[in-house]
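Student: Got a predicted structure here, sequence first:
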Amino acid sequence: MFKSKFSIQEHRPKKRRSNRHLDLRILNEKKNTLWSWALPKSKFPRKGEQRLAIRTPNHPPSYMYFHGDLENGDSVSVYDRGDCKVLVNKHNLIVVYFRGKKINGAYNLIKLQSSKRKDSWIITKLKENDKKR
């Protein structure tokens with residue numbers, strides 16, 4: 001059932017605590033790259049919550065479980081990791097089922113159409129009976 005991998009990394013800038021955020025990485029095995037989003041509020045959504053997710057450039061698979069210090073002095077640690085299955089992959093909608101140590105369940109990633117930033121998405125956790133398998 002679970003054919004792919006994911007990781008959530010906590011990114012802590014050296015200079016400003018206010019810019020601490022989470023990075024979501026989903027392995028796209030067909031293209032051998034990581035889909036990536038930054039979650040600025042440093043929290044993954046719970047049921048009934050929405051969080052902003054900023055799409056970032058794809059990364060090489062070697063970034064999946066990276067932890068340590070970056071060249072600019074920022075530090076990165078793995079917050080969670082595990083298996084996932086992409087249930088829906090359309091231009092403006094991605095539905096993923098995560099099975100990790102901390103994050104479990106189905107989540108929607110919905111691209112915002114009216115946003116000034118073309119890379120703005122919303123991530124929400126689905127109720128158990130809302131997901132499609």
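Tutor: Cool, got the structure.

Student: CA atoms for contacts and neighbours, from now on please.
Tutor: Noted.

Student: Looks like Ser75 contacts Phe66 (just checking).
Tutor: No - if you go by Cα atoms under 8 Å, Ser75 and Phe66 don't touch, sitting 10.1 Å apart.

Student: Strands of this structure, start to end?
Tutor: 4-12, 21-28, 33-39, 50-59, 68-69, 75-89, 93-100, 104-111, 120-125 (DSSP state E).

Student: Could you tell me the least trusted of the ones you listed?
Tutor: Mean pLDDT across these is lowest at strand 68-69; the value there is a mean of 88.

Student: what packs against it?
Tutor: Packing partners of strand 68-69 (3 or more Cα pairs under 8 Å, 6 or more residues apart in numbering; DSSP states H and E): strand 75-89.

Student: Could you tell me which strands the strand it packs on is paired with, and in which direction each runs?
Tutor: strand 4-12 (antiparallel), strand 68-69 (antiparallel), strand 93-100 (antiparallel) (DSSP bridges).

Student: got a list of contacts for that strand?
Tutor: For strand 75-89, the external contacting residues (Cα atoms under 8 Å, 6 or more residues apart in numbering) are 1-14, 26, 65-70, 94-103, 132-133.

Student: mind running it again at 6 Å?
Tutor: 2-12, 67-69, 94-100 (Cα atoms under 6 Å, 6 or more residues apart in numbering).
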